[in-house]
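In: Sharing a model that was predicted from the sequence below.
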Amino acid sequence: MSEQQDVRQWIGRKETRRDVISAWPARALAATLDRDDEPAEGSVLPQGWHWIYFLEAKRASELGTDGHPRRGGFLPPVPLPRRMWAGGRIDFRDNVRIGDAVQRDSEIIRVDEKSGGSGKLVFVTVRHTVKVGAVDAIVEEQDIVYREAAKPGEAPPPGKAAPASSAWSRRITPDPVLLFRYSALTFNGHRIHYDKDYATGDEHYRALVVHGPLQTTLLLDLCRRNAGRPLKRLEYRAMSPLFHDEAFTVNGQPEGDGAKAELWTAGSAGHYAMRGTAYF
C-alpha cells in the first residue's frame, strides 16, 4: 500500500468534543487583541473566537519534537515534517453566547497529495460543525498542509503584491509576547511561534512565525470594528508567512453595496500574507 493510500484511510474519520463557552478565555483574547471587551454571561461570542474552545490537551509524552501532538490520532500520520494552516471557509449561521454548552463534530473530508515548487504537499481538509443544542451555529472547513522540510538558506518564494491602500486598515507590531499569549489561548504548542532557536535552526524560518489563525482572527476583528454588522461567511487562505520582527497591516476593502469585503494581511514588503473575502 502506498503512503498516499495509507493516509487516505483517514477520510471519514470523526471525533466529537464538548465545551462550555466560559467568559475567561474570551476576556483573555480581548486583551490579547488590545480590546477592552468585558464578555459576560449571555453576551454574544465574537465571530471566530470559537477557536479558543474545544482545545486538544495531549499529555506531554504524546507530543512530537515540534510541540504538536504526534500524528496518527484524529489527523492522519502524514510523514512530511512541516505542518501549516493553509486556509478555510466559515459559515456563521447563528450566535454562540457566553455560558452556552456547545458541541463540535469534526470529520476529515479530504486528503489530497500534490506537488509544488517547494516539493511534495499533502492537504488535509477537516469539517467542523459547532452546535448549540440542536442548532448548527458554525460550520467550517479548515485546510491543513504538510510540506517537505526547508533547506538551510533556501529563499522563500516571492510574494504577491497587495493593494497599497484600503478603506479599513490597522497596523500591528507583533512581538514574542503577542505570539506567546495567542499560543497559550489556543493551547498551540508549535515551537515556530515561541521558540526562536527551533524556528530558525530546525525549520529554517528567519524569525518566529505569526500564526495563521491569529491573522484570521485579526481580519474578523477588523470587520467587527468597521463593518457594523456580523459576517455570514468568511473564505481565507494563507499566501506567505509573517514574522515577529516586522510590523504588518490588517486591511479591508468593502464593495459598493457593503455586502462583501476583500480582506488581507500584508508584511513590510507589501505582499499578501493572509487573503480572504467576507460576506455580510
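Out: Looks like it arrived, so ask away.
In: okay, CA-based contacts and neighbour counts for the rest of this
Out: Will do.
In: Would you check that residue 222 makes contact with residue 252?
Out: Yes. At 7.4 Å, residue 222 counts as touching residue 252 under the criterion of CA atoms under 8 Å.
In: quick one: common contacting residues for the two?
Out: Residues touching both residue 222 and residue 252 comprise 168-169, with contact defined as CA atoms under 8 Å, 6 or more residues apart in numbering.
In: In terms of packing, which of those two has more residues around it?
Out: Between residue 222 and residue 252, residue 252 has the larger neighbour count (other CA atoms under 10 Å), namely 26 against 18.
In: so that one bridges to which residues?
Out: For residue 252, the beta-bridge partners are residue 168, residue 263 (DSSP bridges).
In: and it, what is it in contact with?
Out: Taking CA under 8 Å, 6+ apart, one finds 166-169, 219, 222-223, 261-264 in contact with residue 252.
In: Kindly report the same for residue 246.
Out: Per CA under 8 Å, 6+ apart, neighbours of residue 246: 173-174, 267-268.
In: Return a ChimeraX selection command for the buried portion of the residues you listed.
Out: Written as a ChimeraX command, the selection of buried residues from the contacts of residue 246, which uses 16 or more other CA atoms under 10 Å, is:
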select :174,267
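In: Closest to residue 52 out of the contacts of residue 246?
Out: residue 174 (19.5 Å; CA to CA).
In: where does that closest one land in three-state SS?
Out: At residue 174 the chain is in coil, as set by DSSP: H, G, I helix; E, B strand; the rest coil.
In: ok, now which ones touch it?
Out: Residue 174 touches 210, 243-248, counting by CA under 8 Å, 6+ apart.
In: Give me the buried entries from the residues you listed.
Out: Using 16+ other CA under 10 Å, the buried ones in those are 210, 243-244, 248.
In: Of all pairs in the contacts of residue 246, which one spans the longest distance?
Out: Once CA to CA is applied, these give 174 and 268 as the farthest pair, at 12.0 Å.
In: shared neighbours of these two, anything?
Out: Overlap of the contact sets of residue 174 and residue 268 (by CA under 8 Å, 6+ apart) consists of 246-248.
In: ok so, going back, now which of the contacts of residue 252 would you call buried?
Out: 168-169, 219, 222-223, 261-264.
In: Give the pairing partners of the helix or strand containing residue 109; include direction for each.
Out: Per DSSP states H and E, residue 109 falls inside strand 101-116. Sheet pairing of strand 101-116 (DSSP bridges) gives strand 14-20 (antiparallel), strand 119-132 (antiparallel).
In: I'd like the distance from that strand to the chain centre, please.
Out: In terms of CA atoms, centre = their mean, to the nearest Å, the centre of strand 101-116 is found 14 Å from the chain centre.
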